[in-house]
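Asks: give me the fold of what follows.
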Amino acid sequence: MRAMIGTVAYLAVVFATEANAAGIEGQWARGDGNAKVRIASCGSDICATNTWIKPGTPSEKTGDRLVMTIKPGADGNYTGNAFDPQRNLTYRITVTVNGDRMATRGCIAVGLLCKSVDWTRIH
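Replies: Numbers count the residues shown, from 1 in each chain. Okay, the predicted model is just below:
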């Protein structure tokens, strides 16, 4: 009986670790190769902070932050709002995490102007 409880406890830890590894938090590289970000909790929100910007990339710098008020949904989907304090803009944002891949889509002007970006997790 103790062996079974130990096995169940071990599997619970393994599955919890795998679920966290597949979550939104961590280091990500933008698909165009121009930026890397660290996504982590910041208070009750989640922040994406630029950790590296390709030299010569206009209007972005290391340390810029996007503050996301998002809620997790099913299958690695997150939805909510994102605030960019550098540009004083708020976006409606959808984030989809699938293992080491992430896709973001942010929209302003009631969804009339949208941009999608693909990301790869950095290990």
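
Asks: next, name the residue at the spatial heart of the chain.
Replies: A centroid search over the chain (Cα atoms, centre = their mean) returns residue 24, at 4.1 Å, as the residue closest to the centre.

Asks: the strands in the protein, which residues?
Replies: 26-30, 35-42, 45-53, 65-72, 77-84, 89-98, 101-108, 113-122 (DSSP state E).

Asks: which of those sits most buried?
Replies: Most buried of these, by mean neighbour count (mean count of other Cβ atoms under 10 Å): strand 26-30, with a mean of 19. C-beta coordinates here come from the backbone N, C-alpha and C atoms, glycine included.

Asks: helices and strands around that one, which ones?
Replies: If you count contacts as 3 or more Cβ pairs under 8 Å, 6 or more residues apart in numbering; DSSP states H and E, strand 26-30 packs onto strand 35-42, strand 113-122.

Asks: run through the protein and note the low-pLDDT ranges.
Replies: 1-22, 111 (pLDDT under 70).

Asks: hmm, back to that, okay, the helices and strands packed on strand 26-30 in a markdown table with distance to residue 28 next?
Replies: Formatted as a markdown table, the helices and strands packed on strand 26-30 follow (distance: least, Cβ to Cβ, whole Å):
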| stretch | distance to residue 28 |
| --- | --- |
| strand 35-42 | 5 |
| strand 113-122 | 4 |
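
Asks: was I right about the residue nearest to the centre of the chain contacting residue 95?
Replies: Yes - counting by Cβ atoms under 8 Å, residue 24 touches residue 95, with 6.2 Å between them.

Asks: what do these two both touch?
Replies: Counting by Cβ atoms under 8 Å, 6 or more residues apart in numbering, the common neighbours of residue 24 and residue 95 are 78, 102.
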